[in-house]
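**Student:** Let's see this in three dimensions:
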Amino acid sequence: MSAATKADTVFFSAKGQVVIPRRLCKEFAIEEGTLAYVQSTSEGILIKPATRFIRSLRGSLKGKGVMKAMMEERKREREHTEAEFHYAR
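**Tutor:** So this is what the prediction gives:
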């Protein structure tokens, strides 16, 4: 965390859920149902929403036939991630 970064305090629920502060939800375009990647780092837990990359691609592949292939690949990745998550429980 850099000196210019504002830190927020959050609480974990009994289910391990955390509410992300509103200003961060707006900054990172996090909405209900947003996919996020969670990983352990040397500094703690890192939560990375997947929205920025996906939104940056909007319209860039229009008419090139690539969007369908990308969406199919994304679906396979999501199913794989969900399967790993359920397996880990």
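**Student:** where along this protein do the strands fall?
**Tutor:** With DSSP state E as the definition, the chain shows strands at residue ranges 36-41, 44-49.
**Student:** Could you list every helix and strand that the last one packs against?
**Tutor:** In this structure, strand 44-49 makes packing contacts with strand 36-41, judged by 3 or more C-beta pairs under 8 Å, 6 or more residues apart in numbering; DSSP states H and E. For the C-beta atoms, the positions are set from N, CA and C on the backbone; glycine is no exception.
**Student:** Deepest-packed of the strands of the chain, please.
**Tutor:** The highest mean neighbour count among the strands of the chain belongs to strand 44-49 (a mean of 12), with neighbours defined as mean count of other C-beta atoms under 10 Å.
**Student:** now that strand: mean pLDDT?
**Tutor:** What strand 44-49 shows for mean pLDDT is 90.
**Student:** mind saving the C-alpha coords of it as PDB?
**Tutor:** Only the C-alpha atoms of strand 44-49 are listed here, as PDB (Å, rounded to 0.1, in the frame of the first residue of the first chain):
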ATOM      1  CA  GLY A  44      -2.300 -10.500   2.900                       C
ATOM      2  CA  ILE A  45      -5.400 -11.100   0.800                       C
ATOM      3  CA  LEU A  46      -5.700  -9.500  -2.700                       C
ATOM      4  CA  ILE A  47      -9.100  -9.100  -4.300                       C
ATOM      5  CA  LYS A  48      -9.000  -8.100  -8.000                       C
ATOM      6  CA  PRO A  49     -12.300  -7.400  -9.800                       C
END
